[in-house]
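K.L.:
Mind looking at a prediction? Sequence and model below.
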Amino acid sequence: MPVAFTDSPAMPFPNDFLTEIGNEKNLTDKQRDVFVLLFGEDKDKVQIANKLGTTDTVISTRLTEIYKKFGINDSGPVKEKQLRRYLEKCQKRQPPSSLSDLPAESKKDDIDALVQQVRSRFHDDIQRLHGTMPLWGVDRWVPLGDLFVDVNILEELSSSRKSELDDLWQDFSNNPSHRSLDRIGLGMERQRVSGLELLAKNTNLMVVGKPGSGKTTYLQRVATECNAGKLQAYRIPVLIRLRDFVRDGREVVYALKPYLEKCWQLSDAETLLKQGRVLVLLDGLDELTGEDGKKITEEIKKLARDYPQVQVIVTCRTQSFTGEMDWKSLNFEFVEVADFNEGQVRSFAEHWFMTVMGNELAGVARAGKFLEQLFLESNKPVRELAITPILLSLTCVVFHSTEKFYSKRSKLYEEGLELLLEQWDKSREIERDEIYRDLSVERKLELLSYLAVKKFEQTQYVLFEQTEIEGYIAEFLGIGHRDSRTVLRAMEAQHGLLIERSQKVWSFSHLTFQEYLVAKAMINSPDFPNIRTIKSSVLQSGLFHSKQLLQNV
């Protein structure tokens, strides 16, 4: 029998079984030929090359491509052993449930095989869920790599705890002195490290940052890099948006271990967790409120305490995290997402305009014009504002449409939202949405503000059940529930400010928009219905941290 790549003989797999697996993994015809000859006929590299009329170098390249499609990125002959074990499990059609009874000498191999099996099974789902991002200015989600600018991290936290609403309050009050506050971005020399390189320290991280600073995108990048085997390929990445977990986690009483077992379709994830073979990414700790939030926060701490080998990364708004010493006792290091520096601003703008315009030359030319104007001395206040992805995106949107800049945060939100409503609605009219389409931009903004404020009357201020949001729309417009459902779908499709997070669960696409609309309503309409309830909810949530503002409303 020809020598296989493994150290010990192994039984070949049926060709039809291998073909089925190859189709599931989207192997090309040439890759599938190599796959079948290796695992179906136990031929070695030279024999496969002779059989297919090519060289063993070409076969090595195809094998590397095959292993990548199975999420296997180690070096040497261990790759074949891992894939063979995965095929054995697939052939039995029953995932392993526990490794606790295995002899010590085979346990590590089986853990490696289990990790690769889970990685392989969910590789495509992870890329689909976390490999794209919305981009204002185009009516589709774009690949993360098309726009991503590597996040820089400050390993020492800034002393500023100024909140988003503080800035908005200064804007609404028309007080120009706010520009001298909280400006720690362009021109400031502070020690920065790459967000991806920081993971090599293998410590738990509490990643704090301003609204729209790129915390979520950073976790998406970490998840997809791990998923592709470029980062910690020995771990299984799992990214959980905590505001969604408020709903999804109730089924398992917010316990993360059974939640992971449910996601991975395993009856026991204990060994994977104890061996530190999981990378847990938790987004939006600041968005948890009430008893649900307390339970989930304690469960995160319990996970870190019970499984110290697991790496846990949590994101939270700069002004919202509390109990630092408690977290540090669980091996959490506090780091902060840095504001964009000049190079990042330039790179982001070039990517944005190329993506929006759909043409590299035209995009680079437009970005050049944008950057030339942005870096004029007269536009310094704009540069000081556009140092986070969300505000730089809005600045690009406004400039692309009007060739104007706005140095006030509130004015930038206002102009950006109006442009999104005007331009996207015109370009994406949908049949049977006459009610929403015929509303003026001002009325649409009033509707969005109404939805934002109504949600802040509640302890859980982020997620809407579909029947709930349809009821608010019907109430505001004076229409029936069937018409309100059509309006909701039109709002989602036409400008993307509201999105369906999961089946019949909705939220604003970015919490910052919801905050702006709530602030605008509170400032401009002090007689807004239930304003006292909303003020109490905002204060209790800890989201805005601006008692001065609320006491003046």
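P.N.:
That came through fine.
K.L.:
buried set for the strand or helix carrying Ala519?
P.N.:
Using DSSP states H and E, Ala519 sits within helix 511-524. Under the neighbour-count criterion of 16 or more other Cβ atoms under 10 Å, helix 511-524 has 511-523 buried. For the C-beta atoms, the positions are set from N, CA and C on the backbone; glycine is no exception.
K.L.:
so after the longest helix belonging to the chain, what's the next helix or strand?
P.N.:
Longest helix in the chain, counting residues (DSSP state H): helix 104-130. Sequence-wise, the next helix or strand downstream of helix 104-130 (DSSP H and E) is strand 132-134.
K.L.:
Can you list the strands that that following strand pairs with?
P.N.:
Strand 132-134 has the following strand partners under DSSP bridges: strand 141-143 (antiparallel).
K.L.:
which residues in the stretch 301-450 of the chain form helices?
P.N.:
Assignment of helices within the stretch 301-450 of the chain using DSSP state H, counting those that start in this stretch yields the ranges 324-328, 342-357, 360-374, 380-385, 389-402, 409-419, 425-427, 434-437, 441-455.
K.L.:
Please render the ones you listed as TSV that adds mean pLDDT, distance to Tyr307 and mean neighbour count to the earlier fields.
P.N.:
Compiled in TSV, the helices of the stretch 301-450 of the chain are given as follows (pLDDT from 0 to 100; distance: least, Cβ to Cβ, whole Å; neighbours: other Cβ atoms under 10 Å):
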stretch	mean pLDDT	distance to Tyr307	mean neighbour count
helix 324-328	79	16	13
helix 342-357	91	35	20
helix 360-374	94	45	16
helix 380-385	87	42	19
helix 389-402	88	32	21
helix 409-419	83	41	20
helix 425-427	44	49	14
helix 434-437	76	48	17
helix 441-455	88	35	20
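K.L.:
Let me know which of those helices is the nearest to Cys226.
P.N.:
Proximity to Cys226 (Cβ to Cβ) singles out helix 389-402 among the helices of the stretch 301-450 of the chain, at 21.4 Å.
K.L.:
Outside of the closest one itself, list whatever touches it.
P.N.:
Contacts with helix 389-402, where a contact means Cβ atoms under 8 Å, 6 or more residues apart in numbering, come from 135-137, 149, 211-214, 217, 340, 345, 348-349, 352-353, 356, 366, 370, 373-374, 382, 385-386, 404-406, 409, 412-413, 415-416, 419-420, 423, 510, 512.
K.L.:
quick one on the thing from earlier: will you turn the helices of the stretch 301-450 of the chain into JSON lines that also has distance to Ile313?
P.N.:
Shown next, in JSON lines, are the helices of the stretch 301-450 of the chain (distance: least, Cβ to Cβ, whole Å):
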{"stretch": "helix 324-328", "distance to Ile313": "12"}
{"stretch": "helix 342-357", "distance to Ile313": "21"}
{"stretch": "helix 360-374", "distance to Ile313": "32"}
{"stretch": "helix 380-385", "distance to Ile313": "28"}
{"stretch": "helix 389-402", "distance to Ile313": "18"}
{"stretch": "helix 409-419", "distance to Ile313": "28"}
{"stretch": "helix 425-427", "distance to Ile313": "38"}
{"stretch": "helix 434-437", "distance to Ile313": "39"}
{"stretch": "helix 441-455", "distance to Ile313": "28"}
